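**Student:** this is the structure alone, sequence omitted:
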C-alpha cells in the first residue's frame with residue numbers, strides 16, 4: 001500500500017526543486033490545481049509558471065501532515081507549515097503559513113489546492 005502523506009511530501013519537494021518530469025508521475029491525467037486567489041490550472045507546468053509571477057523562489061518548511069477521507073474512494077492529505085523564499089522585488093519571505101490539500105484517487109493526485117498568507 002502507498003504511504004499517501006509520504007507521497008504528497010515527495011511530490012511537493014519534486015515540484016519545489018522543479019523536477020517536474022518526476023513530479024508528473026504522481027498525477028492523474030485529469031489533475032486540477034487551485035492556487036491562492038482561485039487561479040485554476042490543469043497542467044503542472046502552467047501551475048508552476050503561475051507561481052513564478054508571484055515570487056522568485058519559495059520553499060516549504062513542512063511541520064506536519066493530516067489524512068482525511070475525501071469520499072468516493074478518495075483520500076485528502078493536508079500538508080502544512082511555513083514558506084520562505086524571495087519575492088519578485090527581492091524582499092525575503094519567511095514565516096508565511098501554508099496548507100496544501102492533495103486529493104488522491106487511489107495513488108494518483110487528482111486535485112491540489114493551496115492556501116497561504118502570502119500577500120504579494
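**Tutor:** Good, I have the coordinates. Bear in mind that the values here come from a model prediction, so they are computed numbers and not experimental data. Numbering: from 1, shown residues only.
**Student:** contacting residues for residue 40?
**Tutor:** 32, 33, 34 (CB atoms under 8 Å, 6 or more residues apart in numbering). Bear in mind the C-beta positions are built from the backbone N, C-alpha and C, glycine included.
**Student:** save these as JSON lines, and put in distance to residue 103, neighbour count and secondary structure too.
**Tutor:** JSON lines is the format used below for the contacts of residue 40 (distance: CB to CB, whole Å; neighbours: other CB atoms under 10 Å; DSSP: H, G, I helix; E, B strand; the rest coil):
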{"residue": "32", "distance to residue 103": "9", "neighbour count": "16", "secondary structure": "strand"}
{"residue": "33", "distance to residue 103": "11", "neighbour count": "20", "secondary structure": "strand"}
{"residue": "34", "distance to residue 103": "11", "neighbour count": "16", "secondary structure": "strand"}
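**Student:** which of those lies closest to residue 18?
**Tutor:** Ranked by distance to residue 18 (CB to CB), the contacts of residue 40 are led by residue 33 at 15.4 Å.
**Student:** what pLDDT does the residue nearest to residue 14 when sequence neighbours are not counted get?
**Tutor:** Closest residue to residue 14 apart from its sequence neighbours, by CB to CB, 6 or more residues apart in numbering: residue 23 at 3.9 Å. For residue 23, the pLDDT comes out at 98.
**Student:** part of a helix, is residue 23?
**Tutor:** Yes - Residue 23 forms part of a helix when assessed by DSSP: H, G, I helix; E, B strand; the rest coil.
**Student:** tell me what the longest strand anywhere in the chain is packed against?
**Tutor:** Ranked by residue count and defined by DSSP state E, the top strand of the chain is strand 55-71. Under the contact definition 3 or more CB pairs under 8 Å, 6 or more residues apart in numbering; DSSP states H and E, strand 55-71 sits against helix 4-16, strand 74-87, strand 92-105.
**Student:** pull out the buried residues from the second one.
**Tutor:** The one in question is strand 74-87. The neighbour-count check on strand 74-87 (16 or more other CB atoms under 10 Å) flags 75, 76, 77, 78, 79, 80, 81, 82, 83, 85 as buried.
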